[in-house]
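In: pasting the structure only:
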């Protein structure tokens, strides 16, 4: 019985921490990215390979110029902790040139709800300081 309880506790602990991810500060994410924009999901399609392709409309450029308005969700079929994009919702996309941004539980791209109005204001402030 003790062995059964031990394994039960181990499985519960693993499940509890399976979705945990340390998020870097907004300033760090901003500096590491070639471009940052506020976008709204216009469409999402599920490919035969299980990859969800989300097409966004750029609502506000915050840093740089994006070379794609697509965000992929490649973890969707395998990761119970994957973040999902919803058509009509707004997201702050952090990207690198020549690389399609992805959204998942540990990516920099997040919904506007997660980043919040304060976070968006901080990103806008950093962009304005950079222009000066």
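Out: On my side now, so go ahead. Because the structure is a prediction, the values reported are computed rather than measured. Numbers count the residues shown, from 1 in each chain.
In: which phi and psi does the closest residue to residue 38 other than its chain neighbours have?
Out: Closest residue in space to residue 38, ignoring its immediate chain neighbours: residue 60 at 4.2 Å, by Cβ to Cβ, 6 or more residues apart in numbering. For every residue, glycine as well, the C-beta is placed using N, CA and C. Residue 60 has phi and psi values of phi -150, psi 120 when expressed as degrees, to the nearest 10.
In: give me the number of residues near residue 60?
Out: The number of residues packed near residue 60 is 14, by other Cβ atoms under 10 Å.
In: from memory it sits against residue 37, does it?
Out: Yes: with contact defined as Cβ atoms under 8 Å, residue 60 reaches residue 37; the gap is 6.4 Å.
In: point out where the protein drops to low pLDDT.
Out: By pLDDT under 70, the weakly predicted segments of the chain are 1-20, 75-83, 132.
In: list the contacts of residue 38.
Out: Contacts for residue 38 (Cβ atoms under 8 Å, 6 or more residues apart in numbering) come out as 58-60, 62, 90-93, 112, 120.
In: make it 7 Å
Out: 59-60, 62, 90, 92, 112, 120 (Cβ atoms under 7 Å, 6 or more residues apart in numbering).
In: tell me which of those fall in helices.
Out: Among the contacts of residue 38, the members found in helices (DSSP state H) are 112, 120.
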